[in-house]
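Chemist: please find the sequence and the predicted model below.
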Amino acid sequence: MFVDLAANDPRTRDDIAVLGEFVGNDDDIEWVVSPFAPDLVDPFATVSSLRRDDQIVELWLGRDSCRLLESTNLELAVLCSGEWLEFGLEPLRSFVERSNTSFDVSCLRCEVVTCQSYSHVPEFERPFEQPAMAIVDGVERPTKRDVHTPPHCRGAYKTVAFEDSLIIAIAPSHHLDIRQLTKLTFALFLVVPRSVPGMGLDEDSLEYHRTDPPGKIEISTTKPTNTQRDLSLAYSPGVAAPCLEIDEDEADAYTYTAKGNLVGVVSNGSAVLGLGDIGAQASKPVMEGKGVLFKRFADIDVFDIELDEADPEKIVEAVTMMEPTFGGVNLEDIKAPECFTVEERLREELDIPVFHDDQHGTAIISGAALLNAADVAGKDLGDLEVTFSGAGASAIATARFYVSLGIQKENITMCDSSGIITEKRANAGDINEYKQQFARDIPGGSLADAMAGADVFVGLSAGGIVSQEMVASMADNPIIFAMANPDPEIGYKEAKAARDDDVIMATGRSDYPNQVNNVLGFPFIFRGALDVRATEINEEMKVACAEALADLARQDVPDAVVKAYGDEPLQYGPNYIIPKPVDPRVLFRVAPSIAEAAMESGAARTEIDLEAYEEELEARLGKSREMMRVVLNKAKSDPKTVALAEGENEKMIRAAYQIQEQGVALPILIGDESEIRQTSANLGLDFDPQVADPSVGDYESYADRLHELRARKGVTRTEAGELIERDSNYFGSVMVEQGDADALLTGLSHHYPSALRPPLQVIGTAEDVDYAAGVYMLTFKNRVFFVADATVNQDPDEEVLAEVTRQTGKLARRFNVEPRAALLSYSNFGSVDNEGTRKPRKAATMLQDDPEIDFPVDGEMQADTAVVEDILEGTYGFSELEEPANVLVFPNLESGNIGYKLLQRLGGADAIGPMLVGMDEPVHVLQRGDEVKDIVNLAGVAVVDAQKE
C-alpha cells in the first residue's frame, strides 16, 4: 500500500477514497480507485521509492501517519466523483482533528471542478490517456498525461466517465526538507463509481466464481491415497470392514465416516436474500457460500443441496431420505410460511440437528445484543416494551426468542405492512397463524403509534421506513436494532442525531458499530451440536449461544481484532454490544456453551470434557495455540508472581488483567499507581491491579542492592536511586533478584538490547551458564521448530553454540516437545572446511560427548538436510538424527534473525517469542509492538520457568 486514507477505519471508510483499495459502499454505489499523477509516469513506482531514514515510506492518513505527513513537503489531493460532493470536508477535517497531530485543518479546502466527460476503454498494454482539466489552488491545470497503468491496477477499470467532481487538497502545517520527497508535489486520484458499465462488483463476482475451477468449494481427501494399498483401504475391498461395523451399530458412522462433521445446506431458492424467488439452480452460489462460512469459521464440511420443489411436504420427504448422510441440516432461503412447516416437520422426523438460519440466526445474534444493550441502558428485560417492524419468518422467530430471554410476551407489539397486529385483525382472519401468536388486545395503528414510548425497536422489514420523529418519540436511552438489508429502517447517523446520541443502535451493516451478523451464530452452534452428536438444536442451546456472545462482548478485545477494524477502540458500551465476526474467541467460547447446553438439556448423545473440548477447539485455530495451551496449563497449575515493567502502558494493563483473569500468574504492574488505575478504569476492566510504584514506596533497599551490584561499574548510590525510581527495567530486575517477584517481563517500548541490559546487569545468567540466548518457537500446520539464537549473541564460538543448543533443548521440553537439534551451516558434515563451518561442527561434537545431553544432536548441516527426512535418511543415514530436527541453531545472530523472519513472513509460520534462556531468574524481553496475547504467552512461559527454580 502506498497512499492510504484510512480504509480500515470505520469512521471514515464511507467518507474518504483510498488508493488501490475497495472502499465500501453508500446507497448501492460501490467504489474503486484508479490512480494517476500529473507529473509522473508511474506514481506507484515513484511513491514506493521514496525513502525516509532509509526506510520505505508508507504514506497514511491515520492517527500515527498524519505525523509522517507533517514531516514531508507532500501535498495530497483527492479528486472525487460528483456523488461524493455531499460529504464535503467535514468528515476529513474531523478525522484529522481526531488524529492528535498538529496538522492544520484550516488548510483543507475544496473546489468544484468541471472535467470534460469522456468514455475510454484503455488497452492496458498502452498508456492511459486522461483528457481533463482540473482546478488546483484556483489555477486551471491541464491533466492530460500519458500515464502507464501500473501492473497492480490492470483490469481495475474499463470505462471511465465523470463530471462535476471535487478536489480535496491536504497540505501539511509545516515542512521539513526531505529531499527524497521533492519529486512529488501533489497527486490526484480519480474515484470512479463501480456502477459505471463494465466495472462493477457484479463483474468482479462473476470473475471470482468462474475462475477455474468454477465455484467456491471442492472435496478433498483426509487420508493418504498415493499407493495401491491406500486405495484398497479407501475403497474396495478394505472399505467393507467399516461398513460391517456400521451395520452392527449405526452410531459407528460417526467413528468411521465424515458424518459427524458434515452439514447439509438445503434450499429451494424461494427466498434468497435480496433476490427473492430465483429457484433452486440459481441459488447454488449462495449455498456454496454458506458452505464457505461453515468451513472458514468452524471447520465444518458442507454438501449444498438445492431442491427444485415448492411443496413443503416433498421437501421434508427429500431431506428425510438424506438423513444418513449428514450430522446436521441447515435450512436456507425457503420462503415463509413454508419454512415454518419444513423446519417443524423435519425436527419431528429427523434424529439430527435441524436449524433454519434465516429464522433463528438473527434472533440469536440480536438477542445477544439485546442482553448487553439492556445492561448498558440500565433496564431490566422484563420491563422492556418492544416494537417489531416486520412479521415474517425472521421477525416471528426473533420475537419468540426474546420471550425465551426474558421479554414479556404482552410487551411485544408487532407491525406488518398493514400496521399493528391486533386481536381484532386475528379474529377477522386477516393474519396467518404465526402472526396470531403476537396479536395484542390493543387499538390498531401505524408503526409510528407502536414506537411511541417503546424501549426497543426491532426492524426486520424495509429500509427507510422509520423517521427521526419516530425515534424521538421512544423512551429514554432507546435501543434500536434496524436490521433490514441492504439499507436499515433508519440510518445510523440519523437515529443518533434524533436523540442527541443516547441511542444504542445495531444494524446489519459492517460499516457501523454493532453489526448483527449471523456468522456469529450458525457455524458455532453446529460445531457444538455436532461434537456432542446432538439430536436437535433446542431453545436451551440457542439461549446459551446468545449468552456466550453477550459475555464475550464484555471481555477485553484482542489486538488482532482491533487492528482488523482500523484500530477503532472496541470497548463494552453503546458502540460495542456484540463481538466482531473475525474475533477468533467466538469458536472456543460459543461452541462449548452449545455443547454444555445440549448435555444439560438431554439433546446430546455423548458427554465430553468441556475444558478439554475448549482446548481442542482452540487448537483448530493453529498449532501455536495448541503449543501455548500446554504451557499456559502448566502455569495455571502453580501460578507465580510476574513483574511487568512499563506498567502504565495500556497493553501491559490489559495483559495483566488477562493474566490474572485466566489464572496464569499473579501480575505486578510497575509504574505510577494513580495512572495505572485510571487507565484500567478507562478501559472498563473489572480489575484491581497489584501495583509497585517506585515513586511512593520504600524501595531504598532496591537502590542499595543496585549500587552494590554496579558500584564498580561506575554507578554511584545517587544514580542507583534514580535508576530505581525512574527506570522500571532496573526496578523490576532488582525486584526479581531480591525474590519479591518470581519473573520479569519488560521491553514493550524499548529496543531489545537496551531492555535486555538491566536484567543482564542485575540478574545475570544462571550459575552454570555463561551465555543467554533468544529463542523463537515457530509453528506451522503440523510442525514445531525452536530457532536460536535470534536476538542476543552476534558471533558465537563453538562453546556459545553448544550452550545455546543445550538451553534451547530444555526450553522445548517445557512445551512437551522432545528436542532433536541441528547446528546449521552452509556445509554438510565437513563438505566445506573453514573457520565458519568448524564452529557448529565442534559444538555438535562437544554436545555428543557431554553425558548430560540426553537428546540427539548433530551438525554441521544445511537447513534442508535438517528438516527434510528424505535427505537426512537417504544421503546422510549416518547422522545422529533419526528424524528431522525441531531445534535449529543458527551459526550467528545475523542468520538466525534473518532465518526466523523469512520463515514467519514467507513460510507462514506463527512466531512465539523471543523467549530468553540461560538467565539466573526468569526474564523475558518483549518486542516493541507485541500484542497483548504475546505478553500473556510470555508470562505463561515465565511462570513455567519459575516453577523449575
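Modeler: Arrived safely, thanks for sending.
Chemist: please count neighbours and contacts with C-alpha atoms only from this point.
Modeler: Fine.
Chemist: remind me, longest helix of the protein?
Modeler: Longest helix in the chain, counting residues (DSSP state H): helix 357-377.
Chemist: so what does that helix touch, helix or strand wise?
Modeler: With contacts defined as 3 or more CA pairs under 8 Å, 6 or more residues apart in numbering; DSSP states H and E, the packing partners of helix 357-377 are strand 328-331, helix 393-405, strand 479-482, strand 504-507, helix 539-553.
Chemist: report the angle between the axes of that helix and helix 539-553?
Modeler: Counting by axes from the mean of the first three to the mean of the last three CA atoms, to 10 degrees, helix 357-377 lies at 50 degrees to helix 539-553.
Chemist: what's in contact with the helix or strand following helix 357-377?
Modeler: Later in the chain than helix 357-377, the nearest helix or strand by DSSP states H and E is strand 386-389. For strand 386-389, the external contacting residues (CA atoms under 8 Å, 6 or more residues apart in numbering) are 395, 411-416, 447, 450-451, 454-461.
Chemist: strand partners of the host helix or strand of Gly264, parallel vs antiparallel please.
Modeler: Applying DSSP H and E as the criterion places Gly264 in strand 262-267. Paired strands of strand 262-267, with direction, are strand 301-306 (parallel), strand 328-331 (parallel) (DSSP bridges).
Chemist: okay if I get these as JSON lines plus mean neighbour count, distance to Pro353 and mean pLDDT?
Modeler: Shown next, in JSON lines, are these (neighbours: other CA atoms under 10 Å; distance: least, CA to CA, whole Å; pLDDT from 0 to 100):
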{"stretch": "strand 301-306", "mean neighbour count": "21", "distance to Pro353": "14", "mean pLDDT": "95"}
{"stretch": "strand 328-331", "mean neighbour count": "25", "distance to Pro353": "5", "mean pLDDT": "96"}
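Chemist: domain parsing for this protein?
Modeler: 3-204, 229-352, 359-620, 631-762, 773-918 (automatic domain parsing).
Chemist: okay, now the unreliable bits of the stretch 751-900 of the chain?
Modeler: Scanning the stretch 751-900 of the chain for pLDDT under 70 picks out nothing.
Chemist: can you pull out the strands in it?
Modeler: Counting by DSSP state E, counting those that start in this stretch, the stretch 751-900 of the chain has strands at residues 773-779, 784-788, 821-824, 857-861, 887-889.
Chemist: which residues does the second one contact?
Modeler: In other words, strand 784-788. Strand 784-788 is contacted from outside by 623, 773-779, 804-805, 808, 812, 885-890, 896, 900, using CA under 8 Å, 6+ apart.
Chemist: count the residues that sit near Ser754.
Modeler: For Ser754, the tally of surrounding residues (other CA atoms under 10 Å) stands at 12.
Chemist: how far away is it from Val642?
Modeler: Noted for Ser754: a distance of 20 Å to Val642, by CA to CA, to the nearest Å.
Chemist: quick one: Leu745 is in a strand?
Modeler: Yes. Per DSSP: H, G, I helix; E, B strand; the rest coil, Leu745 lies within a strand segment.
Chemist: from what I can see it touches Val642, true?
Modeler: Yes. Taking contacts as CA atoms under 8 Å, Leu745 lies within contact range of Val642: 7.2 Å.
Chemist: which one of the two has more residues nearby?
Modeler: More crowded of Leu745 and Val642, by other CA under 10 Å: Val642, with 29 against 25.
Chemist: in the stretch 701-850 of the chain, mark out all the helices, start to finish.
Modeler: With DSSP state H, counting those that start in this stretch as the criterion, the stretch 701-850 of the chain has helices at 717-726, 728-737, 752-762, 798-814, 835-849.
Chemist: next, format those as a markdown table and append distance to Ile525.
Modeler: Formatted as a markdown table, the helices of the stretch 701-850 of the chain follow (distance: least, CA to CA, whole Å):
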| stretch | distance to Ile525 |
| --- | --- |
| helix 717-726 | 51 |
| helix 728-737 | 46 |
| helix 752-762 | 44 |
| helix 798-814 | 35 |
| helix 835-849 | 52 |
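Chemist: who wins for proximity to Asp204 among the ones you listed?
Modeler: Closest of the helices of the stretch 701-850 of the chain to Asp204 is helix 752-762, at 45.5 Å (criterion: CA to CA).
Chemist: re the thing from before, out of the helices of the stretch 701-850 of the chain, which is closest to Ala911?
Modeler: Closest of the helices of the stretch 701-850 of the chain to Ala911 is helix 798-814, at 14.2 Å (criterion: CA to CA).
Chemist: so the closest one versus strand 784-788, what angle?
Modeler: Relative orientation of helix 798-814 and strand 784-788, computed by the same axes, to 10 degrees: 150 degrees.
Chemist: report the angle between the axes of helix 798-814 and helix 835-849?
Modeler: Between helix 798-814 and helix 835-849, the angle comes out at 50 degrees (the same axes, to 10 degrees).
Chemist: helices or strands next to helix 798-814 in the packing?
Modeler: Secondary-structure packing of helix 798-814 (3+ CA pairs under 8 Å, 6+ apart): strand 784-788, helix 835-849, strand 887-889, strand 910-917.
Chemist: looking at these, which is closest to Ala564?
Modeler: Closest approach to Ala564 among the helices and strands packed on helix 798-814 (CA to CA): strand 910-917, 17.8 Å.
Chemist: which other residues reach the helix or strand that that closest one is followed by?
Modeler: Going down the chain from strand 910-917, the next helix or strand is strand 923-925, by DSSP H and E. Applying CA under 8 Å, 6+ apart, the contact partners of strand 923-925 are 743-748, 752, 755-756, 759, 914-916, 938, 942.
Chemist: quick one: low-confidence residue ranges for the chain.
Modeler: Low-confidence segments of the chain (pLDDT under 70): 1-201, 566-567, 949.
Chemist: ok, the nearest residue to Arg425 once chain neighbours are set aside - how many residues close by?
Modeler: Nearest non-adjacent residue to Arg425, counting by CA to CA, 6 or more residues apart in numbering: Ile431, 6.7 Å away. Look at Ile431: counted by other CA under 10 Å, it has 17 neighbours.
Chemist: what's near enough to touch Val664?
Modeler: Shown in contact with Val664 (CA under 8 Å, 6+ apart): Leu632, Asn633, Ala635, Lys636, Pro639, Ala939, Gly940, Val943.
Chemist: any chance of JSON lines for those, columns secondary structure and neighbour count?
Modeler: Putting the contacts of Val664 into JSON lines (DSSP: H, G, I helix; E, B strand; the rest coil; neighbours: other CA atoms under 10 Å) gives the following:
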{"residue": "Leu632", "secondary structure": "helix", "neighbour count": "26"}
{"residue": "Asn633", "secondary structure": "helix", "neighbour count": "16"}
{"residue": "Ala635", "secondary structure": "helix", "neighbour count": "23"}
{"residue": "Lys636", "secondary structure": "helix", "neighbour count": "17"}
{"residue": "Pro639", "secondary structure": "coil", "neighbour count": "23"}
{"residue": "Ala939", "secondary structure": "helix", "neighbour count": "33"}
{"residue": "Gly940", "secondary structure": "helix", "neighbour count": "28"}
{"residue": "Val943", "secondary structure": "helix", "neighbour count": "30"}
